[in-house]
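Enquirer: kindly return the folded structure for what I paste below:
(chains A and B)
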Amino acid sequence: MRKSTHILTALLAGTALALTGCAGGSEPVAQLDLQKEPEYSGTLSILTKFGGDPLEPYFEDLAEEYTKLHPDVSFELIQETDQSIKDKTKTLTASQALPDIYFTWAGNWANNFIDGGLAADLTPVIAPGTDWGSTFGESSLKAFERDGKFFAVPLYNNGKFMGYNQKVFKELGLNPPSTFEELISSCSVLKDAGYEPIAFGNKDGWPGLHYLQQLFAYEVPTEELEADFDPKTAKLENQGYIRAMEQFTELINECTGSGKDSNGVLYTTAQQALATGTAGMYYQEVLEFDTTASEGSQLKNDGLGIFKLPASAAAKGDTKAIEGSPEGYLINPKSENAALAVDFMKFATSKENATKLSSPPYGQPSAVKGVVSEHNSTGPVVEGIKQVNDASEAIIWLDSVTVPDVADAWLAGGEALVAGTQSPQQVLDAVRSASSAAK
Amino acid sequence: MTVSNAIRRPAPSASGSDAKGLPKGRQADRSRASRWRNMVWVLPAVLLLCVFCYLPLVQNLGFSLLKWDIYSGRQTFIGADNYLKMFNDPIFWKSLLNNTLYAGISIVFQVFGALVLAALVEGLPSPRWRGALRAIYFVPSAISLTVAGLLFYFIYEPRMGILNAALETLGLGNFAQAWLGQENTAIFGIIAMSQWQGFGYCTLLFAVALQRIPSELFEAASIDGVGPVRRFFFISLPLVREMSSLMMIVTVSGAFQVFNEVMVMTTGGPNNSSQVLGTWLYRSGFVRNDFGYAAAIATAVFVITLVLAVLQLRLAKRRRVEW
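Expert: As a prediction, this is how the structure comes out:
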């Protein structure tokens, strides 16, 4: 009986491994000629992050325009939201069904696709100095550079800013704070006047991470911070992490209306609080500006102002750095339509289409040089992009710059800091342990 | 007593041949051929079951022994490493604890609570009221879990939610809190929603089981002076054993497969406090890129639900009631 059980178990395990096709790997991809004239026929599949209003029509319109120019080309658009695109992309990757063109963030997210041979090397067509590459800001291209090669088409730039209600600030005699300490002081003025100083919703965890990453950039020297993102070189010993986390908890407790309850609040609820004039400030991405101050909103009437999250007067890191990075699109090297995909992306980043992308209602500041201006973009978007371009360093989002296990540890730690269930030291210990396990 | 043609069997003859005089060997050949013919009818169902149920199970077992990089497609055999990691993973144990809590609370409310409610409803003299109450209790079950999850997210919302507003109105403002935003209340908030959603369905099934009990038993007990509570414990409860066993299996298996409501309401947070096995499996695979480990968790979920189902089925068999 025991012998037959062993045989059965061995057979089952053997079959299981045989069925999974253990030790597989990606097939070598033939060298693509992306410079050749494409064949204007076939179906281009595109995975975008423009699902839902108001962004969804952008790629739909682009596809329609492109089909007018090339009637034999059709499109299969898969439009996902910021949250759902992560799962969708990974499902398509695991099932080896990535579309011809697909969305990417910069940092570890893009590097996974590049290292896995799932992103076409676009250097010959998009590197700085090429015809197409010269149309983009160089820093936008460099965000997707790996070993001297360029892999993504940057579509728009992004950065994180504190958005504030100009009318409320004026009424209360407040000026945009220049230090973290001033920011905390302004919170009590807003609170006394009956406003929620900073609207904050951390149900998804990442809004907290955005605060933390900007504060880390201010408190930890850049070289050390960047080394700590990679588990192979990470030490995570700088006391700046503790200081940054202490500042974060101070801000949550002193400035947010929801305080320790913020883990139960959606970020869109917080966004609404600024839009409707009940909150004085809300920390947001450039991409959100036109949504928060949409036509007809109270904030549109009162005026949306922005300032960079101020650093502490005693900050020891790079206080001129800004959190944010461009977002772009990769081209599947196994695509039969790779040359056509490049042609479509050139069309999408033409001056005309880049201008359309940067204008309301889309408000996504194009990575194409000279497009974002007062003529087509709102004031806060123009100002935000100017500050991003002037920043000493663009610090990529904490949840995409490092490996997922470490990012997940930061996310859980951020939630614990908000709820007050862990101290900054406990959070740092947990992250250190996740980082050393991920080596 | 009549015997249908389908089950009539010819009596074997003393000489080793059947009624038609066929020798035993040919008789066996015929019955074997008949068996194979019957197999042809069930083969499509067996094939479908193998392809869509058992093959993925076996494949999953294989994946759990691998380190799988979805980007390069590289799969490396690492033996039981994923299982060792699982045993040392505090979030796995936290998730298992949450699932167990889920199962325990669900048994109390969705099995025992629903049975009591069904007995109360069925005990009502007015058939109109009985029908109306059955429908009222059943309505939440007709709402999808995702929608119910969203609905309850807004009920629990700390600042705009009606639960905290109701507490404030009743002078119980001290109890108002971020139900889903705190580590010690998040999982209970989700479980409470799930009870609300599943309670009516169980009540309806118990009502059907109670209706099947012959009314003579209740009438005889009443004539003997047995009160409603004792009638419930000595007649209703024993005679719906089979349904309660079934409900226990469904409830417990469901509690270990819970996913949608947690994803919608908390995604396992804050600080992983409301993770359940399903969401931790998902997060390990789709967020942390560790698909081999996710497969190991899936195997654990399968083994747990299988063992619980087998145990409960055995118990149910012993307790089968016939009348």
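Enquirer: please identify which helix or strand holds A:Met333.
Expert: One correction, residue A:333 is Pro, not Met. Using DSSP states H and E, A:Pro333 falls within no helix or strand.
Enquirer: how about A:Glu76?
Expert: A:Glu76 belongs to strand A:73-79, assigned by DSSP H and E.
Enquirer: got the buried residues for that strand?
Expert: By neighbour count on 16 or more other Cβ atoms under 10 Å in any protein chain shown, the buried set for strand A:73-79 is A:Val73, A:Phe75, A:Leu77, A:Ile78, A:Gln79. Heads up, the C-betas are built off the backbone N, CA and C, glycines and all.
Enquirer: where does A:Pro360 land in three-state SS?
Expert: A:Pro360 falls in the coil class when you classify it by DSSP: H, G, I helix; E, B strand; the rest coil.
Enquirer: quick one: residues contacting the closest residue to A:Phe161 other than its chain neighbours.
Expert: Setting aside the residues directly before and after it, A:Phe161 is nearest to A:Ile306 in space (Cβ to Cβ, 6 or more residues apart in numbering or on different chains), at 4.2 Å. Residues near A:Ile306 by Cβ atoms under 8 Å, 6 or more residues apart in numbering or on different chains: A:Phe161, A:Met162, A:Gly163, A:Tyr164, A:Phe289, A:Pro380, A:Glu383, A:Gly384, A:Gln387.
Enquirer: try it again with 6 Å
Expert: A:Phe161, A:Gly163, A:Pro380, A:Gly384 (Cβ atoms under 6 Å, 6 or more residues apart in numbering or on different chains).
Enquirer: compute the number of surrounding residues for residue 243.
Expert: No chain was given, so I picked chain A. By other Cβ atoms under 10 Å in any protein chain shown, 21 other residues sit near A:Arg243.
Enquirer: um, chain B though
Expert: For B:Met243, using other Cβ under 10 Å, the count is 20.
Enquirer: list the buried ones in stretch A:353-367?
Expert: Across stretch A:353-367, burial judged by 16+ other Cβ under 10 Å covers A:353-360, A:362-367.
Enquirer: first-to-last residue distance for it?
Expert: 12 Å (Cα to Cα, to the nearest Å).
Enquirer: in the chain, where is pLDDT below threshold?
Expert: Defaulting to chain A. A:1-32 (pLDDT under 70).
Enquirer: other chain: chain B
Expert: Using pLDDT under 70, chain B drops low at B:1-22, B:318-323.
Enquirer: the contacts of A:Ile306 into JSON lines, with extra columns for secondary structure, distance to A:Ala412 and neighbour count?
Expert: Formatted as JSON lines, these follow (DSSP: H, G, I helix; E, B strand; the rest coil; distance: Cβ to Cβ, whole Å; neighbours: other Cβ atoms under 10 Å in any protein chain shown):
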{"residue": "A:Phe161", "secondary structure": "strand", "distance to A:Ala412": "26", "neighbour count": "27"}
{"residue": "A:Gly163", "secondary structure": "strand", "distance to A:Ala412": "27", "neighbour count": "29"}
{"residue": "A:Pro380", "secondary structure": "helix", "distance to A:Ala412": "33", "neighbour count": "22"}
{"residue": "A:Gly384", "secondary structure": "helix", "distance to A:Ala412": "30", "neighbour count": "29"}
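Enquirer: SS state for the residue nearest to A:Phe161?
Expert: At A:Ile306 the chain is in strand, as set by three-state DSSP.
Enquirer: residues from the stretch 151-300 of chain B in reach of chain A?
Expert: Contacts of the stretch 151-300 of chain B with chain A, taken as Cβ under 6 Å from any Cβ of the partner chain, map to B:158, B:178, B:180-183, B:269-272, B:286-289.
Enquirer: any idea how far stretch A:88-107 is from the chain center?
Expert: 16 Å (Cα atoms, centre = their mean, to the nearest Å).
Enquirer: re earlier: which of the residues of the stretch 151-300 of chain B next to chain A fall in helices?
Expert: With DSSP state H as the criterion, helices contain none of those.
Enquirer: and A:Tyr329, that's in a strand?
Expert: Yes. Under three-state DSSP, A:Tyr329 falls within a strand.
Enquirer: which residues touch it?
Expert: A:Ile101, A:Phe103, A:Val153.
Enquirer: also A:Lys320?
Expert: Going by Cβ under 6 Å, 6+ apart, the list of residues near A:Lys320 reads A:Ser392.
Enquirer: just put the contacts of A:Tyr329 in CSV and tack on distance to chain B, secondary structure and neighbour count.
Expert: Converted to CSV, those look like this (distance: Cβ to the nearest Cβ, whole Å; DSSP: H, G, I helix; E, B strand; the rest coil; neighbours: other Cβ atoms under 10 Å in any protein chain shown):
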residue, distance to chain B, secondary structure, neighbour count
A:Ile101, 17, strand, 26
A:Phe103, 15, strand, 24
A:Val153, 20, strand, 29
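Enquirer: was I right about B:Ala294 contacting B:Ser284?
Expert: Yes. When contacts are counted by Cβ atoms under 6 Å, B:Ala294 is listed as touching B:Ser284 (4.3 Å).
Enquirer: look at these two and report which has more neighbours.
Expert: The residue with more neighbours, out of B:Ala294 and B:Ser284, is B:Ser284; 28 against 24, by other Cβ under 10 Å.
Enquirer: just to check, the more buried one is in contact with B:Phe291?
Expert: No. Counting by Cβ under 6 Å, B:Ser284 does not reach B:Phe291; the two are 7.9 Å apart.
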